[in-house]
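K.L.:
Would you be able to build a 3D model of this:
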Amino acid sequence: MRLSRLAVLLCLLFLPLAQGCSKETPAEHAANVYAANEMAAAPVNANLPDFSLLPDKLAQADHLMTLSVTLHFSSQAWGILQLILLLSFGGFAWMRDRAIALSPNLWAQSYAFTLLYMVTHTVLSLPFSLYGHHLSLAYGFSVQSWGSWALDLIKGLALNWLLYGLLAVALFRLIGKLPRLWWLGFWAVCLPIALGIAYINPILIDPMFNQFEPLALHHPDLSAKLEHMGVPPERQFLMKASAKTTLPNAYVAGFAGSKRVVVWDTSLSPGQRIQPGVLWMVGHECGHYVLNHVRNGILMALLMLPIAFYLAYRFLNAVLRRFGPRWRIPSPQDWAALAVLMLAYALINDIQEPFSNTISRNVEHNADIYGMEAVHGLVPDPQAAMKDEITADGLRGLNDPNPAPWIEVLMFNHPATGRRAAFGKAYNPWADGVGPKYFKK
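P.N.:
Just a heads-up that it's a prediction; the model follows:
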């Protein structure tokens, strides 16, 4: 099957997953139009009627947005440039020589090469990481000490090293045995590994970085409401996020039997009544849970991997024909060729980012709707609950009320805060002549 036919087939398979198998309802359309018109009527980076900041906070938000955009695109560019420089100056050839000299064993060579690469990449990228944490501390978003931050960095590096060493061995062998079809074979290898990681991540990996407890132990009232919205008590957890951050949040993690809703303790006050906005926030996560957004996201990624791997295969062969002798990489079956594949991955990832962000914004938008409909009858005013919570989060996070459209398209995996606040105010599926999207009227 030609690549174009494969791409069309996979796109047809994943589009229903991306759209959540649901069409825009009349109430949703009206609220979307209201939010779009509100943003279009206001200048870029200016306040909106439904989400505004005080002048000093608005200036801070504008400055923070400028820094975030600069960091985002400069770190992407630096990630590509550092790979090209290391290839051009023989850095990866030197790493390969060290790995081969260490041992004739394939596993030892793989883990030696990947360790050298990952440490080099981490060190070269450290200025961006350090400055990002500095900003979080400076703006009061983080309370994590530098020692704790560094420990998390090392833990992440170690876990990735264990995985990448394994994948490198599998890839190296497939390139040798299936020089023209290794990309398809590697996809078959990645399928069970990706599903396995998605399953064990909340059980084994997340607890290495944060502490988790059953939600019902601390907030039985909220746990009962979550159960009412479709999440069993044994799938509800509280994360002690206050040890590292000041921002509220909740999320869904896991796959199949490990799927769960996790609420950060920064979102809740022990012994106090659950606020309507917080209830909407966990309702939003119930939307991710009930609508299987995590599962669908994993399936979409896995369905698109063959195209990415095929493009990497073509890129590797073309680049080695042109630059292989200069970079001292004689063939695809060379440890240093992995760096060329990493370069292909970086390019593909940067190019596809706007498309994956578009899908993510659609998914988050549907979870917003589910949350509003789920808390109908549990709070006095679902519209106010969403709008107030989005506004409060935007104030705490110094979110730009009306970012430039191109920034939202390229960078945002959630709709802009101003758009969400305006939508929450306008979305009324309980009015005459319309109906809810996910719940019966």
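K.L.:
just the strands in this structure please.
P.N.:
212-214, 236-239, 250-253, 260-264 (DSSP state E).
K.L.:
Select, out of these, the one closest to Pro330.
P.N.:
Among the strands of the chain, strand 250-253 comes nearest to Pro330, with 43.1 Å by Cβ to Cβ. All C-beta atoms are positioned from the backbone trio N, CA, C, and that covers glycine.
K.L.:
Give me the packing partners of that closest one, helices and strands only.
P.N.:
If you count contacts as 3 or more Cβ pairs under 8 Å, 6 or more residues apart in numbering; DSSP states H and E, strand 250-253 packs onto strand 260-264, helix 276-290, helix 293-327.
K.L.:
Just the residues contacting the first one, thanks.
P.N.:
Residues from elsewhere that reach strand 260-264, judged by Cβ atoms under 8 Å, 6 or more residues apart in numbering: 202, 212, 215, 219, 222, 226, 231, 235-239, 241-242, 245, 247-254, 282, 285-286, 289.
K.L.:
Output the strands of the chain as TSV; include the columns mean pLDDT, mean neighbour count and distance to Ile351.
P.N.:
Supplementary listing: the strands of the chain in TSV, determined by pLDDT from 0 to 100; neighbours: other Cβ atoms under 10 Å; distance: least, Cβ to Cβ, whole Å:
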stretch	mean pLDDT	mean neighbour count	distance to Ile351
strand 212-214	96	14	36
strand 236-239	96	23	34
strand 250-253	95	20	27
strand 260-264	96	23	32
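K.L.:
Can you say which of those strands is nearest to His365?
P.N.:
The closest of these to His365 is strand 250-253. By Cβ to Cβ, the value is 15.6 Å.
K.L.:
Tabulate the CA atom coordinates of the closest one in PDB.
P.N.:
As requested, C-alpha coordinates have been extracted for strand 250-253 and formatted as PDB (Å, rounded to 0.1, in the frame of the first residue of the first chain):
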ATOM      1  CA  ALA A 250      -7.200  18.200  37.900                       C
ATOM      2  CA  TYR A 251      -6.600  15.600  35.200                       C
ATOM      3  CA  VAL A 252      -7.400  12.100  33.900                       C
ATOM      4  CA  ALA A 253      -4.700   9.500  33.500                       C
END
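K.L.:
Which strands border that strand, and is each parallel or antiparallel?
P.N.:
strand 260-264 (antiparallel) (DSSP bridges).
K.L.:
so how far is the strand it pairs with off the chain centroid?
P.N.:
Distance, stretch centre to chain centre, for strand 260-264: 16 Å (Cα atoms, centre = their mean, to the nearest Å).
K.L.:
Next, the angle from that strand to helix 293-327.
P.N.:
Angle between the axes of strand 260-264 and helix 293-327 is 80 degrees (criterion: axes from the mean of the first three to the mean of the last three Cα atoms, to 10 degrees).
K.L.:
Strand 260-264 versus helix 276-290: what angle between them?
P.N.:
150 degrees.
K.L.:
Could you check the pLDDT of Ala256?
P.N.:
Listed pLDDT for Ala256 reads 88.
K.L.:
That one reaches Tyr199, doesn't it?
P.N.:
Yes: Ala256 lies in contact with Tyr199 (Cβ atoms under 8 Å); the separation is 6.2 Å.
K.L.:
before we move on, back to that, a markdown table for the strands of the chain, including distance to Val363?
P.N.:
Below are the strands of the chain laid out as a markdown table (distance: least, Cβ to Cβ, whole Å):
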| stretch | distance to Val363 |
| --- | --- |
| strand 212-214 | 24 |
| strand 236-239 | 21 |
| strand 250-253 | 11 |
| strand 260-264 | 16 |
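K.L.:
For Ser110, which of these is the nearest?
P.N.:
Nearest to Ser110 among these is strand 250-253 (29.1 Å), distances taken as Cβ to Cβ.
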